[in-house]
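Novice: What shape does this take:
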Amino acid sequence: CIRDSSGTLQPVDQDMLAGTRGPEKRHVVFSPPVSAVREKILSITGSGSLDDETEGLLRALLIADRRGIPAEARRDWSATGTAHYLALSGLHLGLIAVPVFGLLTLAGARGLVRDVAALFALSFYAAVAGTPGSLLRALSMMTVLRLSRLAGIRIDLARSVIAGAFLVCLLDRRALADTGFILSFNAAAGVALLGIPLCGFIQDRMSGTWWKRILRFPAQAIAMSVSVQLSMLPLAVRVFGFAPAAGPVMSVLMALPVTALLYGGFIYVAAGHLLGAGAAVPLNLISRIATGLVAFGAGGAWPGIVVSDFDVRLYVPAVGLCAVGLRCGKDGRKLIAAGLLLAIVSFRPVSGVNESPLVFAAYGAELHGGPGGILVLENWPPDWSAPRLIREIRRSGTRGAGCIVILDPGDFHSDGLSILIRDLGIEHV
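Specialist: Next up, the predicted model:
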């Protein structure tokens, strides 16, 4: 619905909605060879041997087709801070690049021939996946790193991130408006500026005895995940309205099943017809484990962070001080200490409760009394609008509400109310 000149909500058809939902999603046109490969992957994964949830996850991980993942499952992935696994990015490209470079090396390719062949294969894969912005960022960064190495130019990861982002924006300036590209760039910056120096610090401190070497790998994985989450916190809260505090731990727990599904999916697509129906059994099992972990994480009453929980004007300089201190080695300890202290200070309420009602006109909703207050809805909330309303409420700095009042429930009742009750902690309707 949209509001007419008198302020009343009126139902509209799809044609009228064309100009009310902001910029349209990018339309991807596939060339015949790329389209043939993509259709083959869709055909093999949809042959009937895989469970529905496994089929949806594989298509999302292989070719960025998330249509097979139910809306409730996508909300669970978002609630646990693991939705980035469903969006093809540098993590996926890195996992794919390892076997590609390995196979080319086993085939006898070296130097320029190997690097060019690998970049061509990865570029073709990016085309099959629909060239999402986050994947293009990772591909351009890898291209800069490889070509600079072949040219004898030393370039660190941080500079390659900047150069890769510049290259993508030079080829397509619309990337600046792509949320996936911006989030991916932010995550890559966190890896380069915080994650790698922190993992190097752990490497130096946890070497020697065998038990230290065993604990080093999970410690580095957690450190990398925490680094990415810390660097993305202001942007994630701004975009999604909420950052789950359990995100770093859940990301580490989900890394193994997601990696197994990615590699297993490629093997299934390439050789599933040779392995028989039994090839789908391990994939279905891993998929159940992954969805079970996500459902468990989404069902817990884990704390989360909204924009009113911290002052971004203090938090961003704090992260910058920590990044500079980590790059300075032993000489940067004072900078790290100052950054940590500033980060702690930044986590304080930036303002009191807003007494004036918050109006969300696009959804026919008003929030009175701030956190724990009353959410007034003009009509019964439909399924598609409830998650968007939750995101807007959290963007305003409000974690939830205590009561919902529906002025005109009508005869059609969807699951939108259940979504609001669960995610906003509603006690009374």
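Novice: What are the boundaries of the helices in the stretch 301-429 of the chain?
Specialist: 312-327, 333-346, 386-395, 416-424 (DSSP state H, counting those that start in this stretch).
Novice: Of all the ones you listed, which one is nearest residue 71?
Specialist: helix 386-395 (7.7 Å; CB to CB). C-betas here are computed from N, CA, C, even on glycine.
Novice: What residues of that closest one count as buried?
Specialist: Under the neighbour-count criterion of 16 or more other CB atoms under 10 Å, helix 386-395 has 386-387, 389-390, 392-395 buried.
Novice: and of these, the nearest to residue 286?
Specialist: Closest approach between the buried residues of helix 386-395 and residue 286, by CB to CB: residue 387, at 27.2 Å.
Novice: so that closest one touches residue 422, yeah?
Specialist: No. Counting by CB atoms under 8 Å, residue 422 is not a contact partner of residue 387; they are 10.9 Å apart.
Novice: ok, back up a step: need the helices of the stretch 301-429 of the chain in TSV with mean pLDDT and distance to residue 151, can you?
Specialist: Formatted as TSV, the helices of the stretch 301-429 of the chain follow (pLDDT from 0 to 100; distance: least, CB to CB, whole Å):
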stretch	mean pLDDT	distance to residue 151
helix 312-327	90	24
helix 333-346	91	33
helix 386-395	88	45
helix 416-424	88	51
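Novice: how about those in TSV, adding distance to residue 251?
Specialist: Formatted as TSV, those follow (distance: least, CB to CB, whole Å):
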stretch	distance to residue 251
helix 312-327	18
helix 333-346	20
helix 386-395	20
helix 416-424	20
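Novice: Mind checking those for the one nearest to residue 57?
Specialist: helix 386-395 (19.9 Å).
Novice: now the closest one against helix 416-424, angle please.
Specialist: Here the directions of helix 386-395 and helix 416-424 differ by 30 degrees (axes from the mean of the first three to the mean of the last three CA atoms, to 10 degrees).
Novice: Packing partners of helix 386-395?
Specialist: With contacts defined as 3 or more CB pairs under 8 Å, 6 or more residues apart in numbering; DSSP states H and E, helix 386-395 has these neighbours: helix 210-240, strand 358-360, helix 416-424.
Novice: which helices and strands sit right next to the shortest one?
Specialist: Secondary-structure packing of strand 358-360 (3+ CB pairs under 8 Å, 6+ apart): strand 365-368, helix 386-395.
Novice: same thing with the last one?
Specialist: Under the contact criterion of 3+ CB pairs under 8 Å, 6+ apart, the helices and strands touching helix 416-424 comprise helix 71-79, helix 386-395, strand 403-408.
Novice: Apply 10 Å and report the result again.
Specialist: If you count contacts as 3 or more CB pairs under 10 Å, 6 or more residues apart in numbering; DSSP states H and E, helix 416-424 packs onto helix 71-79, helix 280-299, strand 374-379, helix 386-395, strand 403-408.
Novice: Just put these in JSON lines and tack on distance to residue 323.
Specialist: Converted to JSON lines, the helices and strands packed on helix 416-424 look like this (distance: least, CB to CB, whole Å):
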{"stretch": "helix 71-79", "distance to residue 323": "27"}
{"stretch": "helix 280-299", "distance to residue 323": "29"}
{"stretch": "strand 374-379", "distance to residue 323": "40"}
{"stretch": "helix 386-395", "distance to residue 323": "27"}
{"stretch": "strand 403-408", "distance to residue 323": "43"}
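Novice: looking at these, which is closest to residue 95?
Specialist: When the helices and strands packed on helix 416-424 are compared by CB to CB, helix 280-299 sits nearest residue 95, at 14.8 Å.
Novice: Overlap in contacts, residue 387 and residue 422.
Specialist: The contact sets of residue 387 and residue 422 overlap at residue 75 (CB atoms under 10 Å, 6 or more residues apart in numbering).
Novice: got the contact list for residue 217?
Specialist: Applying CB under 10 Å, 6+ apart to residue 217 gives the contacts 202, 206.
Novice: what's the answer for residue 40, then?
Specialist: 128, 269.
Novice: same thing but at 8 Å, please
Specialist: By CB atoms under 8 Å, 6 or more residues apart in numbering, the residues touching residue 40 are residue 269.
Novice: now residue 135
Specialist: Counting by CB under 8 Å, 6+ apart, the residues that residue 135 touches are 64, 88-90, 92-93, 126, 129.
Novice: Among these, which ones are in helices?
Specialist: Using DSSP state H, the members of these that fall within helices are 90, 92-93, 126.
Novice: for the residues you listed, which one is nearest residue 137?
Specialist: Residue 137 lies nearest to residue 90 out of the ones in helices among the contacts of residue 135, by CB to CB, at 7.0 Å.
Novice: In this structure that closest one contacts residue 183, no?
Specialist: No. Using CB under 8 Å, residue 90 is not in contact with residue 183; the gap is 11.2 Å.
Novice: Which residues are in contact with each of those two?
Specialist: The contact sets of residue 90 and residue 183 overlap at residue 134 (CB under 8 Å, 6+ apart).
Novice: Now do the contacts for residue 223.
Specialist: Shown in contact with residue 223 (CB under 8 Å, 6+ apart): 195, 198-199, 202.
Novice: Compare these and tell me which has the most neighbours.
Specialist: residue 195 (24 neighbours; other CB atoms under 10 Å).
Novice: and it, that's in a helix?
Specialist: Yes. Residue 195: assigned to a helix according to DSSP: H, G, I helix; E, B strand; the rest coil.
Novice: Okay, it and residue 205: tell me how far apart.
Specialist: Separation of residue 195 from residue 205 (CB to CB, to the nearest Å): 16 Å.
Novice: Which residues are in contact with the residue lying closest to residue 315 once chain neighbours are set aside?
Specialist: Nearest in space to residue 315, with sequence neighbours left out and distances taken as CB to CB, 6 or more residues apart in numbering, is residue 346 at 4.1 Å. Counting by CB under 8 Å, 6+ apart, residue 346 touches 310-315, 318.
Novice: would you list those residues in CSV and tack on neighbour count?
Specialist: Output for those, formatted as CSV (neighbours: other CB atoms under 10 Å):
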residue, neighbour count
310, 22
311, 18
312, 15
313, 10
314, 16
315, 18
318, 22
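Novice: Tell me which of the helices and strands packed on helix 386-395 sits most buried.
Specialist: Of all these, helix 416-424 carries the top mean neighbour count, a mean of 19, counting by mean count of other CB atoms under 10 Å.
Novice: host element of the closest residue to residue 92 other than its chain neighbours?
Specialist: Among residues not flanking residue 92 along the chain, residue 262 sits closest, at 6.6 Å (CB to CB, 6+ apart). Taking DSSP states H and E as the definition, one finds residue 262 inside helix 247-275.
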